[in-house]
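Engineer: I need the structure of the sequence given here:
(one chain, ligands or ions: 1)
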Amino acid sequence: MADILYLDHAATSPLRPEAREAFMRASDLGSNASSVHSLGRKAKLLLEEARADILAGVNAIGTGGLVFTSGGTEANAQALHQAQAFDYVIVSAGEHDSIYGAVAGAAVAPLTADGAVDLDALSRLLDHPGRPFVSVMLANNETGVISDIATVAALVHACDGWLHVDAVQALGKINIDFNALEADSLALSAHKIGGGQGVGALIYNRDRTLKALIGGSGQELGLRAGTENIPGIAAFAAALKACHGVSDDLCSAQKSVETALKALGITILGEAADRVRGILYMAQPGWASSLQLIHMDMAGICVSSGSACSSGKVKSSRVVTAMGWPDLADKVLRVSGGWTTQPDDWQKFLTVWSKGYEVYLKRHNNLRVTGEVA
Ligand code: PLP
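Structural biologist: As a prediction, the model looks like this:
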């Protein structure tokens, strides 16, 4: 692995040492948090400490309840489960697949060309009888673009609705303030911050009633049945404590690469919008995402074409199409740094990518001259 340059943190961020240590310590305890003996009580203590740390990490102490889940997907599913009590559902066009398409008949709030939710269009969708359940993500997983959640919350609450916010990609990259966002629920996932895969959380407004998605036994105050993943949960909390955002050095290294790319005529998607640091989403009209990925992979650089697809195939981006760039939707590349990234890594990426692009352009232009390409 030594020669691999990993720039795919938005897909999964490698396990942080702090998380590994917390995971091992909790694993060595080897007990069930529901057991009444001393080791069970120790596991329960770890569980409650992790809950308090994560609530504190998103400024939700006092106002927020927290249910541990198997990840962001389950947290989103539990939030969507609440929609049954509402009259209609709206999801933004940028939502992750675990929300987008998960509710039959949901209306879709479009995105602006910059990739944020279109607030005017959302207001029009909310001009509808009945109470809405609305899902708008905080930061998009492809572009990193941040939507104005406080404004969305005001619109939704004016209709007596529920606002769910998928904050999976925002966690660890920007300061999340649950109280200021005024969301009714917030989904988090540990593996995007180096806390390990298969653990997440749904934070909810304690003034609301949350229904269980997985019922049966009484863990998590009856809100999520199943033995808690104590090692994973301890690792999640440790990873969150270790997150200090993306440094200014990394940010300026990313910005220089963006400037160089723009000089080559490359589009930086969401460039004019408020974006989380660390995600670069780029597109140009010719070189297919799949071929770019092969080129980068052969040079030992791990990047991605957008969201990580469960089938392992390279899909055309629905988000880029929703932003009004359908012709670019299969020519995008997402480069995402994180806690293992050094400022130089951005330049290494640029050097390798530009060489490939140069070869692509030469080949494409030659083919055009010889008439092989229309
Ligand atoms: N939401 C967003 C924005 C994501 O990027 C992801 C993961 O790619 C998820 C939800 C799903 O999270 P998990 O992989 O923990 O199920």
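Engineer: could you check how many residues crowd around residue 154?
Structural biologist: A count of nearby residues for residue 154, using other C-beta atoms under 10 Å, gives 12. All C-beta atoms are positioned from the backbone trio N, CA, C, and that covers glycine.
Engineer: can you check residue 284 too?
Structural biologist: There are 18 residues near residue 284, going by other C-beta under 10 Å.
Engineer: distance check, the closest residue to it other than its chain neighbours against residue 353.
Structural biologist: Of all residues not flanking residue 284 in the chain, residue 266 sits nearest, at 5.1 Å (C-beta to C-beta, 6 or more residues apart in numbering). Residue 266 sits 9 Å away from residue 353 when distances are taken as C-beta to C-beta, to the nearest Å.
Engineer: so for those two, which sits in the more crowded spot?
Structural biologist: Neighbours were counted for residue 266 and for residue 353 using other C-beta under 10 Å; residue 353 has more, 24 against 17.
Engineer: wait, is that one part of a strand?
Structural biologist: No - per DSSP: H, G, I helix; E, B strand; the rest coil, residue 353 lies outside any strand segment and is helix.
Engineer: that one contacts residue 296, correct?
Structural biologist: Yes - assessed by C-beta atoms under 8 Å, residue 353 is found in contact with residue 296 at 6.7 Å.
Engineer: dump the residue contacts of the residue nearest to residue 284.
Structural biologist: Counting by C-beta atoms under 8 Å, 6 or more residues apart in numbering, residue 266 touches 282, 283, 284.
Engineer: and residue 233, what is it in contact with?
Structural biologist: Contact analysis of residue 233 by C-beta under 8 Å, 6+ apart lists 26, 46, 47, 50, 68, 199.
Engineer: show the end-to-end separation of stretch 243-250, please.
Structural biologist: Its first and final residues considered, stretch 243-250 spans 14 Å by C-alpha to C-alpha, to the nearest Å.
Engineer: what's the next secondary structure element after the host helix or strand of residue 56?
Structural biologist: Element membership for residue 56 (DSSP states H and E) is helix 38-57. Downstream of helix 38-57, the first helix or strand assigned by DSSP H and E is strand 64-69.
Engineer: what about that following strand, average pLDDT?
Structural biologist: For strand 64-69, mean pLDDT rounds to 98.
Engineer: note down every partner strand of that strand and its orientation.
Structural biologist: With DSSP bridges as the test, strand 64-69 is paired with strand 200-205 (antiparallel).
Engineer: what is the burial count for the residue in the chain that the ligand sits nearest to?
Structural biologist: The nearest approach of the chain to the ligand comes at residue 72, 2.5 Å away (C-beta to the nearest ligand atom). If you count neighbours by other C-beta under 10 Å, residue 72 ends up with 27.
Engineer: can you dump the C-alpha coordinates of stretch 135-145 into PDB?
Structural biologist: The C-alpha trace of stretch 135-145 is given here as PDB (Å, rounded to 0.1, in the frame of the first residue of the first chain):
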ATOM      1  CA  SER A 135     -35.000  15.900   3.500                       C
ATOM      2  CA  VAL A 136     -32.200  18.200   2.400                       C
ATOM      3  CA  MET A 137     -28.500  17.300   2.900                       C
ATOM      4  CA  LEU A 138     -26.100  19.700   4.600                       C
ATOM      5  CA  ALA A 139     -23.100  19.000   2.300                       C
ATOM      6  CA  ASN A 140     -23.400  17.000  -1.000                       C
ATOM      7  CA  ASN A 141     -21.300  13.900  -1.300                       C
ATOM      8  CA  GLU A 142     -20.200  14.600  -4.900                       C
ATOM      9  CA  THR A 143     -19.700  18.400  -5.000                       C
ATOM     10  CA  GLY A 144     -19.200  19.200  -1.300                       C
ATOM     11  CA  VAL A 145     -21.700  22.100  -1.800                       C
END
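Engineer: near the ligand, which residues of the stretch 151-300 of the chain show up?
Structural biologist: Taking C-beta under 6 Å from any ligand atom as the measure of proximity, the stretch 151-300 of the chain contacts the ligand at 166, 168, 169, 189, 191, 200.
Engineer: which of those sits closest to residue 145?
Structural biologist: residue 169 (9.9 Å; C-beta to C-beta).
Engineer: low-confidence ranges, the stretch 251-374 of the chain, go.
Structural biologist: Scanning the stretch 251-374 of the chain for pLDDT under 70 picks out the ranges 307-313, 368-374.
Engineer: buried sites along the host helix or strand of residue 358?
Structural biologist: According to DSSP H and E, residue 358 maps onto helix 343-369. By neighbour count on 16 or more other C-beta atoms under 10 Å, the buried set for helix 343-369 is 343, 345, 346, 348, 349, 350, 352, 353, 356, 357, 360.
Engineer: skip the chain neighbours and tell me the closest residue to the second one.
Structural biologist: Spelled out, that is residue 345. residue 5 (5.8 Å).
Engineer: for the stretch 151-300 of the chain, which segments count as strands?
Structural biologist: Ranges of strands within the stretch 151-300 of the chain are 162-166, 185-189, 200-205, 267-268, 279-283, based on DSSP state E, counting those that start in this stretch.
Engineer: okay, these, which one's buried deepest?
Structural biologist: A comparison of the strands of the stretch 151-300 of the chain by mean neighbour count, using mean count of other C-beta atoms under 10 Å, puts strand 185-189 on top with a mean of 29.
Engineer: what is that strand packed up against?
Structural biologist: helix 72-81, strand 162-166, strand 200-205 (3 or more C-beta pairs under 8 Å, 6 or more residues apart in numbering; DSSP states H and E).
Engineer: which one of the ones you listed lies nearest to residue 304?
Structural biologist: The nearest among the helices and strands packed on strand 185-189, by C-beta to C-beta, is helix 72-81 at 16.6 Å.
Engineer: state the mean pLDDT of the closest one.
Structural biologist: Taken as a whole, helix 72-81 has a mean pLDDT of 98.
Engineer: mind listing what's buried in that helix?
Structural biologist: Neighbour-count burial for helix 72-81, counted by 16+ other C-beta under 10 Å, picks out 72, 73, 74, 75, 76, 77, 78, 79, 80.
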